[in-house]
Every structure is written in structure tokens, then in C-alpha cells.
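J.: coordinates for the following, if possible.
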Amino acid sequence: MSLNKKSVTRWIVPLLVMAAFGAWLASKAATPKPEFGAMHTAEFGRLPVQYGGRVKPLDTLARNSLTIVSDKQTWVDTSGKERPAIDWLLETITSSTESYKAKVFRIQNPQVLNLLGLKERTEPAAERFRYAFVEFADKLQLLDQQEQQARARDAGQRDVLDNQVIMLANRIRVFIQLSEAHRIVLLRNEDTAKQVAQRYRQIALLQNRDDQMSFIRQYQNLARFSLPRLIPPAKDGGEWKPFTQASLEAVVGQGDPAFQKMMVLCLAYADGDAKTFNERLPEYEELVAERMPHLATTQAKLGFEAFFNHFEPFYHVSILYVVAFLITIFALLGWTKPLNRTAYALLLLAAVVHTFAIASRVYISGYPPITNLYGTAIFIGWGAVLLGLILEPIYKLGVGLLVASVAGFATLLIAHFLSGDGDTMEMMQAVLDTKFWLATHVVIINLGYMATLVAGLMAVVFLLQANRWAVVGLSAFSIGFAGVALRMYVNGEPSAIWLMIGALIVGVAFGVLGFLIVNGIVAQNFDTGTEKELGRMIYGVVCFALLMSFVGTVLGGLWADDSWGRFWGWDPKENGALIIVLWNAVILHARWGGMIKLRGLANLAIFGNVVTGWSWFGVNQLGVGLHSYGFTNSVAFWLITFVVSQIVLIAVGMLPRSTWRTDASADRPADARLPGTPASA
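T.: Below you'll find the model as predicted:
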């Protein structure tokens, strides 16, 4: 009884910390109620729109579009009030003065600012590097010329200015398409909504031929682009319509009631008529429900997706991973067991939220968890966290905590960069639109990726535990990497700020730890038993990685045979998967055959990170083969940087054994056999 009571007491602080962060997450998930008399724009954001090959809530369209334009999901209006993305979308589609004066366009590169005649804006913080459309509207022709010159060059020959001009042009194009595609409805040259509606009726009655032809010409110009389809079909099997098409049909006397009701909502918003907006919004929702009886589940998903967007679980869980990492680092300095228990409880909470987030994406999309590169990042991180949580109670070395926290945050950071182009649940390519193979081959092969990376991370921890210079070197490399990220941020890569923050956290944490170790203030507790246990962990995870990567590769061949009529075609992605299988087999055979000992096992496992990185991202950069759908710009630099870091770690791992530790154990026999290995090992 006393032992049970003591066990419960030991977990009081971890559970309290877990409860505190759970309450914090609950507060972030709670949907705020609209202020009295305010427009119910959040409810408007749950209305359906078809774009990017799927039906989604307007809130998702708003967030994705604003992220492209501003690299944020909120904006600050001209009065200085921070507002949600759906408000920006409403301002934009109603072509309000606010949409043109709001500082939402992120322009950070000094050369681009000079080209547009703008001054660098750093204050206030909410408007940092952000500019309004009206501030550079007179330079659009110049920007267009510069963009044409940039696009005429090969991608490899473009300089920073070329890339930044193309990026800004794409942002402006998103804004203009949203604005112009809906200007047809509102004719904002008039003074009031009443006058707009009256003139619209005149046009619909063919009383103004000039305006009618203007409508048709404008529709023809916009029809060339992929526009959001906001008007739902009137019957099963019908097509969704963009405002432009619905406007044209209304002009020739074929007006859609859904279009008319949506126009009333837009006019009410444009005139600030909250009463009309809030009263008419349920009417439009009822009409949509009548038109989509077969899509009842879709309507439920729309509301849930809007909630998911508001909650932002991946962002908040990444904060939990950082806090757990810092707690684990502090545990190395003292009070180890209580802090490790606290970190474990926090990681357990993070794993629950991470699982909820992935399950939510499955529910919303209707597909298995991995459908694109973004999905691989969040799934691999999730698997690494779970594996770390499973291993930690077994070995109790703190290694599982380090691996889980680092892998969880790093993969979500990668996912953040992969989400910059918009919707992360876009329509699947035809050859990939097979749920069975997505749920088997893709999931299993990514478990192989995950396990190989986890083994590599454990090998890194092996070096950090054993070699004082590995700790110092990792700190120096991380701080240097933070400097590179800072330079990229200054040169117009806003997301690089997260890389800089993450690298600084790692650099400072290990820098302090390295200083304490080198000066003998803190000892590296890495005895023979610890070394053996960590070796067992690496060996066991490599075994699991080999199993998953082999089974996944075989299933991939079966899918290829089913889709393309051949089991194997030496496609770069297929080769990458095979390389992971072969490398894991090499590690196990080398260890079992006595060709390597624990240090060699660690070094080979670290190189497994390089192999996995190449298969995960590198082969996509070749732009050839049937799997080239995962191409991403600018990944080559980050991949090379990652490879260099792993090679540096391997080089440190090959230093003479006498340089490894500061305590007397440095002279003891270093290599211990794994259970069952030959004596020569």
C-alpha cells in the first residue's frame, strides 16, 4: 500500500503540469462567441465552397489565401484591430476600400521594396514588412515586366530578386482574382447597396446593354483562371458555379436563388448592415441544406473543419514538444527522475492531441492519413513520438523523451514549410486515389522511414551521451544554423524565423550543457550498462525499420503492378525505398557479423538519416519518374545542410576514444556485446 501511495505521489507534479497544459489547449480549442451586434462572420466561414478539387468551408479558403498573401492567418485592419482571415476574405470579395488599404502583403526583400518605391517598415510589429495594395498599385506594370523577365530565365539561373518578384506577383494574383471574380456581383462604383441592387436589376432586365456586354467580357477574362465555386448545384450531379458564371446567368435572366441570397449577404457586409447579414445567413444555410441532402456528412465536416482550423492543433502541440525537450535537457543537470516523469506526461498529452489532429484530417479528407508530403511529415513525427513513449518506460534512460520531443517538433516544423502553398488536403492525383494502397503501402513505408530516423536520432544521443565534443559541436552547429536562418529571414523567407528559433533553443541548451560537462561541473553518466542499453535500443529499432521498409517496398511493387502493369521499374522513388531496406540490412549484418561494435552501430545508424532524407525528399528533386509529384522548391539547400550535419556527427563519432569522456570511465573497455552476438563482436 505504501509503495502504491509513493508511486501516486511521484506522479502528482507531472499530472498537474499535464492538467495545466490540457486546460491551456482547451482554451485554444474553445470557439469564441461573436460580440453583441457584430456580424456572424465565423458562421459565414462554415459555408461551403468548391476549390482545389474538394468542397471545403470558406474559412479554409480564407486562411489558405491569406497565408499565401501575408504568411499569416490573421490581419490587422486600418484601425489597428487584429481580425480573422474570413473577415479579410469578405472585405476582398466585396472589393471594399479596407481590402485595398489593409497592410497584408508581405514584402521583405530590400530590392523588391526599392523596385516598388517602398520604404522598409518594421514598426509597429503587427505591420512589420507588410504593405497595402494601394501603396504599390501604380507600380504593377513595372512589377509585371520584372516578373516576365524572371520567368524567362531557367529556375536555376534566377537570383534572389527574381524569386522574390515571382513570389510577390503570385500573392497579388491571388488577391486580384478573389476581388475581381466577385466585383461583377457588386459593381462597387455605386454609392449604396440599394443603388447596386437597383442597377443589377436593370442589367438583368436588359435595360443596359453596355453593362451587359461588360459583364460578359469580364467573365470571359476571369474564366481562364481556377476560381472558387461558391454557388452549390441545384440538384444531384450538378456543377458548382463561381460567382462569375452565376452573375452572367443572372444577367441573361437565369438567376440562381442561391446567387441572389449570397449577393444579399455580400451587400449587407459591404454596407456594415449586421442585422441583415445575421438574419439572411440562416436562410442561405437552409437553401444549401436543401440542395445538399445527400451531403449531410459533408455539411458536418465543414463545421468540424472550421473548428479544426481555429484550434490549430499542430501548432499548439509543437509548443508542447519544445517544452518537453527543455524539461528533458534540464533533467540531465539534476532532479532527473521527477523531470523525466514530467516530460513523459507532457509528451503523452502531446501524443493524444497529435493523434486527434491526424484523425481529424482523415475524417475531413476521407482518405488515410498520408496523401502528400505534408501528410508524411506529421505522420512520421507522430510515429516517432509514440515509439519514444513506448521505449522510455522500458529502458528509462531519457533517450525516448529526447527522441520524441525532437522528432515531434522537427517534423511539424517541416510540415509547416510544406504547407506554405495552401491547402494541405488537396485533391489526389488519379494514380494515387486508391484508399487501399494509401492505407497499406504508404502507411507502412512511412513507418519504415520513421523507424530509420528514430534509430539515427538515438545514435546521435549515443554520441552526445558519450562524447563531450559532440555536445559542444552540436551547439556550435545549431547556433551557426540559426545565423543562416536569420539571413534567409532578412532576405525574404519569413518562415525561416521558426528555424532560427528552433536552432537557437537547441544551440543554447546544448551549449550550456557542454560548458558544464567540459568544466567538470556536470558529469556525463554514461557507463557500460547505459551504453549497452542504448545499443540495444538502436539495434531493436533498426530491426523494426528493416521489417517495415521491406514490407512497404513489396506492397509498393504490388501497387505499381496494379497501376502501371509492372512490379519494378527502377523509378527514383522506388530506388530510394530499396536503399533504405538495403542500408538497414547492412547495419544488422555488420553488427551481427562482428564487423562493427557499438560505436560503429551508432555511426551507421546516423548515416541512415542521410539515406532516409534522400529517399524522403531528395528523389523528388530529380523531377523525373512516376513519383515526381512531391517536388518542392528550395528543399535542396535544407537537404544538403541536413546531410552535412549528419556527416559532421559521424566524423565526431570516429574521433579517438580517449577524447570521448571527461570521467575515469574513458579508459574502460568501450564496446559491449549485444545479447546473442558472437564473442568476436
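
J.: mind listing the helices for the stretch 501-650 of the chain?
T.: Ranges of helices within the stretch 501-650 of the chain are 528-564, 572-592, 598-616, 635-653, based on DSSP state H, counting those that start in this stretch.

J.: so which of those helices is the most surrounded?
T.: Burial of these is given as mean neighbour count (mean count of other CB atoms under 10 Å); helix 598-616 ranks first at a mean of 23. Heads up, the C-betas are built off the backbone N, CA and C, glycines and all.

J.: so for Val17, which of the helices of the stretch 501-650 of the chain sits nearest?
T.: helix 528-564 (26.0 Å; CB to CB).

J.: and the closest one, what other elements does it pack with?
T.: Counting contacts by 3 or more CB pairs under 8 Å, 6 or more residues apart in numbering; DSSP states H and E, helix 528-564 is packed against helix 373-395, helix 435-437, helix 443-466, helix 572-592, helix 598-616.

J.: related to what we said a few turns ago, JSON lines please, covering the helices of the stretch 501-650 of the chain and showing mean pLDDT and distance to Phe477.
T.: As requested, the helices of the stretch 501-650 of the chain are exported to JSON lines (pLDDT from 0 to 100; distance: least, CB to CB, whole Å):
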{"stretch": "helix 528-564", "mean pLDDT": "88", "distance to Phe477": "22"}
{"stretch": "helix 572-592", "mean pLDDT": "91", "distance to Phe477": "24"}
{"stretch": "helix 598-616", "mean pLDDT": "91", "distance to Phe477": "14"}
{"stretch": "helix 635-653", "mean pLDDT": "82", "distance to Phe477": "6"}
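
J.: what would those helices look like in JSON lines with distance to Pro14?
T.: Listed next are these as JSON lines, based on distance: least, CB to CB, whole Å:
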{"stretch": "helix 528-564", "distance to Pro14": "23"}
{"stretch": "helix 572-592", "distance to Pro14": "35"}
{"stretch": "helix 598-616", "distance to Pro14": "30"}
{"stretch": "helix 635-653", "distance to Pro14": "32"}
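
J.: of those, which is nearest Ile68?
T.: Checking those against Ile68 by CB to CB gives helix 635-653 as the closest, at 18.6 Å.

J.: between helix 443-466 and that closest one, find me the angle.
T.: Interaxial angle of helix 635-653 relative to helix 443-466 (axes from the mean of the first three to the mean of the last three CA atoms, to 10 degrees): 40 degrees.

J.: lowest-pLDDT helix or strand in this protein?
T.: Across the helices and strands of the chain, mean confidence by mean pLDDT, DSSP states H and E is lowest for helix 193-204: a mean of 47.

J.: neighbours of Glu120, how many?
T.: By the measure other CB atoms under 10 Å, the count of residues near Glu120 is 12.

J.: my read: it touches Leu113, true?
T.: Yes - in this structure Glu120 lies within contact range of Leu113 using CB atoms under 8 Å: 5.9 Å.

J.: can you pull out the helices in the stretch 251-400 of the chain?
T.: Counting by DSSP H, counting those that start in this stretch, the stretch 251-400 of the chain has helices at residues 257-270, 274-291, 296-311, 313-331, 336-365, 373-395, 399-418.

J.: name the helices or strands packed onto the fourth one?
T.: The one in question is helix 313-331. Against helix 313-331 (3+ CB pairs under 8 Å, 6+ apart) you get helix 12-29, helix 336-365, helix 399-418, helix 496-518.

J.: same question, the fifth one
T.: Contacting helix 336-365 under the criterion 3+ CB pairs under 8 Å, 6+ apart are the following elements: helix 2-10, helix 12-29, helix 296-311, helix 313-331, helix 373-395, helix 399-418.

J.: buried ones in the fifth one?
T.: When neighbours are counted by 16 or more other CB atoms under 10 Å, the buried residues of helix 373-395 are found to be 373-389, 391-392.

J.: which residues of the stretch 101-250 of the chain fall in helices?
T.: Using DSSP H, counting those that start in this stretch, helices in the stretch 101-250 of the chain cover 110-115, 133-136, 140-152, 160-186, 193-204, 209-222, 243-251.

J.: quickly note the distance from Leu178 to Ile68.
T.: Note on Leu178: its distance to Ile68, by CB to CB, to the nearest Å, is 11 Å.

J.: which one's more surrounded, those two?
T.: Legend: neighbour count by other CB under 10 Å for Leu178 and Ile68, higher for Leu178 (22 against 18).

J.: any idea how many residues pack against the residue nearest to that one when sequence neighbours are not counted?
T.: Of all residues not flanking Leu178 in the chain, Thr92 sits nearest, at 4.9 Å (CB to CB, 6 or more residues apart in numbering). By other CB under 10 Å, the residues close to Thr92 number 27.

J.: before we move on, what about Trp24?
T.: Counted with other CB under 10 Å, residues neighbouring Trp24 total 13.

J.: wait, Leu178 sits on Ala62?
T.: No - taking contacts as CB under 8 Å, Leu178 lies outside contact range of Ala62: 9.4 Å.

J.: any shared contact partners between those two?
T.: Residues touching both Leu178 and Ala62 by CB atoms under 8 Å, 6 or more residues apart in numbering: Leu89.

J.: before we move on, the earlier item: now the helices and strands packed on helix 528-564 in a markdown table, with distance to Ile327?
T.: Shown next, in a markdown table, are the helices and strands packed on helix 528-564 (distance: least, CB to CB, whole Å):
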| stretch | distance to Ile327 |
| --- | --- |
| helix 373-395 | 13 |
| helix 435-437 | 40 |
| helix 443-466 | 16 |
| helix 572-592 | 31 |
| helix 598-616 | 25 |
